Structures are given as C-alpha cells and as structure tokens.
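Chemist: below are the sequence and a predicted model for it; my questions follow.
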Amino acid sequence: MKFFASCGKGLEYLLADELVALGATRATATMAGANVEGTLEDAQRAVLWSRLASRVSWPIAEFACADEHALYAGVAAIDWETHLGPGHTIAVDAHVSGEALTHARYAAQRVKDGIVDVLRERTGARPDVDVESPDVRVNLVVRKGRAIVSIDLGGGPMHRRGWRRAQGEAPLKENLAAAVLLRGGWPQAYHDGGALLDPMCGSGTLLIEGALMAADVAPGLQRHGGSLPTRWRGFDPEAWARLRDEAIARRDAGLSGLPRAISGRDIDPRILRVAEDNAEAAGVAHAIDWAVSSIEALTLGDAPERGVVVCNPPYDARLAADPALYRALGDALRRTVPQWRGALLCGDDELARATGLRAAKRYQLFNGAIECTLIVCDPVAPPQRAADAPAPVLSEGAQMVANRLRKNLKKLKAWRERENVDCYRAYDADLPEYAAAIDVYTEADSRNAWLHVQEYAAPAEIPEATTRKRLNDLLAAAREVFGIPKDRIALKTRSIGKGGSKYGRFDRRGEVLVVREGDARLRVNLFDYLDTGMFLDHRPLRLEFARIAQGKRFLNLFCYTGVATVQAARGGADSTTSVDLSGTYLQWLSDNLQENGIGGGRHRLVQADAMQWLLSDRGHYDVIFCDPPTFSNSARAADFDVQKEHVRMLRAAIARLAPGGALYFSNNYRRFKLDTEALADVAEIEDISPATIPPDFARDARIHRCWRLRRWGAY
C-alpha cells in the first residue's frame, strides 16, 4: 500500500530516509512530507518510531471531488461500519486546494456529515465528535479535483512525545529538535563516545530529545502509554503489541546504559527547573547535567575532545533577537568546544552570520510558521593556516586552468560591474582537457561566493584515473583563484543522453542561497539537483521582461522555479500566471515571490501539464514566455517532444496573445528546427537569439535559441 507521512517543511528528505531505515519499501520526499510504500505494520512502526513525522495517514478511499456535493457523496459511499465501532468518537482534519472547495473547516464539516448520516442510517446511532482526543481521527485532502480520505494512525500530532510538563516562552517542536540533532550528527557522535551540549537550553527540548535518541527510546512509546494510538477497526493491535514490546525492551536497555554525557546551560534558573522536570518525566534526568550560566561565562569542565553542540537561540520578535547575543554565542563556542561539531537553529541568515561561525552546511527549516536557518559547523573553529605557511603548489594542469580563469574574470569584470551581475559563468570547457562549466553564485546579503561546477562526461576512451586527476586539477585551480573553501563548491557530473541531459537528484542538503539578479532576490539550490533553480543564460531575457512588464498580463509556461515570473512581477506586471506540472517547482516559485514581497490573487500558480492547460485556457496575455523541455515523459502527463509538438503548442499560445502582445519562445535543443512555414499564417517570427546570449556565454552561442512571435494584424 501507499500511505503518507507529513512533516514540517525542510524535514522531507530526512523523513524519507528515516522511513526507509524503519522498514518501508520506498519513501519519496514531497512537499511537507513523504509518500511511502509499505505494509500496515510499516505504517504502525512509523507511528511508534518516527522522530520526524508529524502524522502518518493511511488512505481508505479516493474519488473525484469537483464540489461539496461530490465530496459528501464520496464520503457517504465509504463503508464506515468497517472503520468505526459503536460509540466511537471522531474528529476530521481537512486540507483543501483549488477553486471548488476553498474552506477547510467547511470541507471537514461535510465529511463529518457524511460519516454521521451513513452510520445513523445503518446502525441507528451516530458517532460523537471529540476534537481533542477522538477514538478515530479522519484526514481529508482535496487537490486537483481528487479527494483522499485517510485514517490518522497516530491519532494526533506525533511531535508530542508525552514527557513535556511545562515549556518556555517559545518551545521547539520535538520533531524539529530531532532534525537539528540528526543534521548535527549526534547519533554518530554518541556512538563514538562524544558528548552533547546546549548552552541556551531553555526548557530542554534539544537535550531531552538527544538523550532519548541516544538511549534508543521510541518517540511514540510514552505518547501512547499502554493504549492504542487509534481505535480504527483496521488497526492491527497484535502487530502494535509486538512493536511496543520490542520498543520497551530497547528502551530499558538503552536508559540503563545511558552515561551522563549531556549538558544544559541557561541564564534563567526558573526555566532550568522546568527543563529538569521535563527530563525527569522523560526518564533521562540521570544523563543530563544542568547549570545556570550566561553565554559569556560558558564552561564545560572536562569536556571530551569531540561532541556536538546544539542550540536554538532567540530569534522571534517576541524574544527580541539580538545579533550581539549571536556574536557572543559564536565566541563562546569557539573558546569552549572548538573541535566539536555545531548545529545552530538561527532565525535567519543575518543572525546566523552574526555568530561569526563558518557554516559547512546551511539548511532552511520552519519552526512553526517561522522560516529559520540551520547552520552546521564542523568543527566549530577550524584550524587556521599559519601566516608563514607556504601556499599549496598547483600542478601544471591546474595552473593552466587558473590562468584561464583569471583571464576570463578580467575580461568579464567591466561588464559585471556595469550590469551588477552577481551570478555568472566563469569557465565553460575553455581548455578541452578540462571539460567542465564553472558558475559563480554570490549571496545577496553576505556577499559570499559559491561555485557550481558541472563536469561534462569524458569520452569512453579516456582512462578514469586521467579524468579524475583533471577534475581535481580544475577544482584546485578554482579554489585558488576564488579563494573559497571546499564546502562552498557544488560538484555535479552532467552525462549526455538522447536529446539532452539526464536530470537527477544529488546531495540532500536542502541548502538554499538567496542571490540577486537585477532588483530581484532569488533562491537557488546548488547541491540537491542537477540545475540550480536559475538558468544563467536566460538572464538578458528575464531582465527584458522586467523592463517591459509594466501594466502587462504575463504568462509563464513550463515555468520551472519562476524566475522570469518574479522579474515580470517586479517590473510591475498587472498579473502573472505560471504553469508547471511540478509541485516542487511551484513551491520554489512561491518562495521566490515571497522573498520579493510579492503575493495576492494577481499572481496565479497553476500545477498542470502546460500543453494541456494551454489548449483549454481562454485567457489573454500581453507577454507570454514559453521555455519547454526538450523531452518529457512524466507519468502524470502525456509524453512531450519539443520538435514534434512545438507547432501545435505555439499556435495555441499565439491564440492567447492580446492585441500588441508578444510570445517569447526558447529552447536549448541544439538540433531543433523551428517550422516557420507551419506558423507563417498566424505570426510574424523574429529570431532574437543573439540579443539573448549574455557575454559570459559568448563562447557557446548555441546554449539556447529564442524567437519573438507576434500575431499578424494584432498590433
């Protein structure tokens, strides 16, 4: 079966890995959760053992849901007697999207009505509603005209472990605390004999979660006590009993052998007493050393050589986030635990930089509705090279690459300064033996430079050892010229397949940088995907959209992460419509719009097959941007081949142009040939490719082709 595990944004990849480790056949990260394949017992094991999931939902029905009547009918068609027993109480949670159903509470009410009416008719009795502690919690999701009705196997929020007796002013959810500990490498550090420290521990969430993790205590064990998490009739109580008995044995063994290797410090003695009470309730008080201490006076006694320091310093407006406090925190950690690994959940990038610590990795996470920056430093204070230490000597090949890089940077310098270009291509296989592209991305706020290196696949006849040496030479040259550490270089290998590049996922760092293009702030991800979220070669065209968009209706087909949409919106577009099949890319676009303070009903995001949507749309647009993939064979849409489909697609797009409007069509398929004869009766066609190739891509003028099309007689 397929089921769904939800989580906070930013935890998806960790959750997918965790669920596979717990025995699921497969888990795929998606927005705010993971789609999971496995048995009912796998799902029940996740309820007991997942440290990251918010809920685990087991589907019982799926149906078309065009409106509230279809919703009621679909719910009423479910055999609820197989799911609910006499006297069971229920609660319904709903999440809806689309135009037909817009109010989640109303949708939940209609689901409740359907359940109650069916059971009253069949049994003569109706279930009562218990919002806080129901026997069975039902979940509804309506998306793209489909409804999925599921049973919440955990019976409620799974971040609640059952040990919290009291809390501080802004408590951290336990599953987010688990993510901080996992990103910080605490399980491995504990296995290796390391210790754990939180210098601003508050009510103790990070440390208690760390202790339970080290002791191998199932997160759901105390939450559910001796009872079942749900009284749903489909639940397997015998399997749950086996899982629980195993968890109890593991807990008892883990707690008995848990050393006193965890330390909590806070300046507030009152909140430390709360932390102690929570630790006592969790059964881990014996493993944690608590002490009142300011950051400036932080000490740790006989600290082991290695360990993990975790912290969630104040950052919410209610807690008066103070950059000086973050600087003091960074100074204290460098002084006290310089060789430890650090994982600090900071309010934003600016506060993270205020620590003065150099982040090896950076992640965007959400503490409730607050977007935070998690920085991981390993170690907290990396050793500095002595001032008189000789600089590393580059090999002859690396020196050749370094010389070419310096030549390119000098050539591009005047243009970059004149146009305020922060992200650009610095090298593109200029030396054939060193076949790679090097792109520079500069963070908008810190001005730190990052490199995105794409190694092109070498011919089969080149020995692997030679390829590896050349790549190492190229990377050494890049580090030398740009003066940046290894952790700010993302390395990819781009292998060429039929019709173009093979796209795939790489690291699962979830690390987002905010960069600048013109007046726009844009989010890029250098590590997790083959592409970064921004195609640098389209920079001139996007800036043209910003220039011409004032008062226009802008349509972006195959919108990807929507950088063109952001530029049009910043340029004063009256409205924007962005269409893509990928929910991940549309969320990325939503984040880009939010980064620029853009929102509201004038900016529409549509998850759909762009070709099919275009054929059915009846709107009119002043500017249309169409940059389709070369090929697409998504399971959710018909196969697409740009060479075969472009005439039908462009004719449909031209029909959507308003008088005086223009369609900009681009693609990067090098063997593509525009069928001008098939379009000659509907549009004037102008090849504007040369004007859309920026100076940093001048070596490869075939990086893309671009045409501007206008309807005949529509001026």
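Modeler: Here it is on my side, so go on.
Chemist: hey, let's count contacts and neighbours off CA atoms from now on
Modeler: Will do.
Chemist: do you know how far residue 18 is from residue 162?
Modeler: Applying Cα to Cα, to the nearest Å, one obtains 21 Å for the distance of residue 18 from residue 162.
Chemist: ok, now residue 140?
Modeler: The gap separating residue 140 from residue 162 is 26 Å, by Cα to Cα.
Chemist: so which of these two has more stuff around it?
Modeler: For residue 140 against residue 162, the residue with the higher neighbour count under other Cα atoms under 10 Å is residue 140, and the figures read 26 against 17.
Chemist: please verify my assumption that the more buried one contacts residue 147.
Modeler: Yes - A contact is recorded between residue 140 and residue 147 when judged using Cα atoms under 8 Å, the distance being 6.9 Å.
Chemist: which phi and psi does the residue with the largest distance to the centre of the chain have?
Modeler: Distance to the chain centre peaks in the chain at residue 124, reaching 48.2 Å (criterion: Cα atoms, centre = their mean). The phi and psi torsions at residue 124 (degrees, to the nearest 10) take the values phi 80, psi 0.
Chemist: look up how far residue 467 lies from it.
Modeler: Look at residue 124 and residue 467: by Cα to Cα, they are 76 Å apart.
Chemist: check residue 620 too.
Modeler: From residue 620 over to residue 467 (counting by Cα to Cα), the distance is 52 Å.
Chemist: and for residue 148?
Modeler: When Cα to Cα is applied, the distance between residue 148 and residue 467 equals 50 Å.
Chemist: what of residue 404?
Modeler: In this structure, residue 404 lies at 19 Å from residue 467, with Cα to Cα as the measure.
Chemist: residue 29 now?
Modeler: For residue 29, the distance to residue 467 equals 33 Å [Cα to Cα].
Chemist: where exactly do the strands run in the stretch 401-550 of the chain?
Modeler: Using DSSP state E, counting those that start in this stretch, the strands of the stretch 401-550 of the chain run over 424-428, 436-442, 449-456, 489-494, 496-497, 500-501, 513-517, 520-524.
Chemist: next, count neighbours for residue 48.
Modeler: That count, for residue 48 with other Cα under 10 Å as the rule, works out to 24.
Chemist: surely it is in a strand?
Modeler: No - assessed with DSSP: H, G, I helix; E, B strand; the rest coil, residue 48 is helix; it does not lie in a strand.
Chemist: spell out which helix or strand contains the nearest residue to it once chain neighbours are set aside, please.
Modeler: The shortest distance from residue 48 to any non-neighbouring residue, by Cα to Cα, 6 or more residues apart in numbering, is to residue 220 (4.3 Å). When secondary structure is defined using DSSP states H and E, the element that contains residue 220 is helix 219-224.
Chemist: tell me the buried residues in the helix or strand that comes right after that helix?
Modeler: Scanning forward in sequence from helix 219-224, with DSSP H and E defining helices and strands, the next element found is helix 237-256. By 16 or more other Cα atoms under 10 Å, the buried positions in helix 237-256 come out as 237, 240, 243-244, 247-248, 251, 254-255.
Chemist: ditto for stretch 453-472
Modeler: With burial defined by 16+ other Cα under 10 Å, the residues of stretch 453-472 counted as buried are 453-456, 458, 467, 470-471.
Chemist: give me the contacts around it.
Modeler: In this structure, residues lying in contact with stretch 453-472 by Cα atoms under 8 Å, 6 or more residues apart in numbering are 397-398, 433-439, 489-496.
Chemist: and those residues, which of them are buried?
Modeler: Neighbour-count burial within the contacts of stretch 453-472 applies to 397-398, 434-439, 489-492, 494; the criterion is 16+ other Cα under 10 Å.
Chemist: show me the contacts for the residue nearest to residue 619 when sequence neighbours are not counted.
Modeler: Counting by Cα to Cα, 6+ apart, residue 656 is the residue found nearest to residue 619 once chain neighbours are left out, at 6.3 Å. Neighbouring residues of residue 656 by Cα under 8 Å, 6+ apart: 618-621.
Chemist: check residue 338 too.
Modeler: Applying Cα under 8 Å, 6+ apart to residue 338 gives the contacts 379-382.
Chemist: widest-spaced pair of the residues you listed?
Modeler: Maximum pairwise distance in these, criterion Cα to Cα, is 6.3 Å, between 380 and 382.
Chemist: tell me which of the two has more neighbours.
Modeler: Neighbour tally, residue 380 and residue 382, criterion other Cα under 10 Å: the higher count belongs to residue 380, 25 against 14.
Chemist: could you verify my assumption that the more buried one touches residue 336?
Modeler: No - using Cα under 8 Å as the test, residue 380 is too far from residue 336 to be in contact (9.8 Å).
Chemist: helices of the stretch 401-550 of the chain, start to end?
Modeler: Along the stretch 401-550 of the chain, the segments classed as helices by DSSP state H, counting those that start in this stretch run 464-482, 539-548.
Chemist: closest to residue 262 out of those?
Modeler: Distance to residue 262, taken as Cα to Cα, is lowest for helix 464-482 among those, at 38.2 Å.
Chemist: ok, and for stretch 602-616, which residues are buried?
Modeler: Residues of stretch 602-616 classed as buried: 603, 605-611, 614 (neighbour count, 16+ other Cα under 10 Å).
Chemist: closest to residue 351 among the residues you listed?
Modeler: residue 603 (30.7 Å).
Chemist: could you break the protein into its assigned domains?
Modeler: Segmentation of the chain into domains, based on automatic domain parsing, reads 2-152, 174-215+258-377, 396-501, 535-711.
Chemist: quick one: closest of these to residue 158.
Modeler: Within these, the stretch nearest residue 158 is domain 2-152; the backing value is 4.9 Å (Cα to Cα).
Chemist: hmm, back to that, ok now the helix holding residue 220, how far from the chain's centre?
Modeler: A distance of 28 Å separates the centroid of the chain from that of helix 219-224, by Cα atoms, centre = their mean, to the nearest Å.
Chemist: cool, stretch 576-583 as well?
Modeler: Here stretch 576-583 is found 17 Å from its chain centre; the criterion is Cα atoms, centre = their mean.
Chemist: stretch 549-561 too?
Modeler: Centroid separation between stretch 549-561 and its chain, computed with Cα atoms, centre = their mean, is 24 Å.
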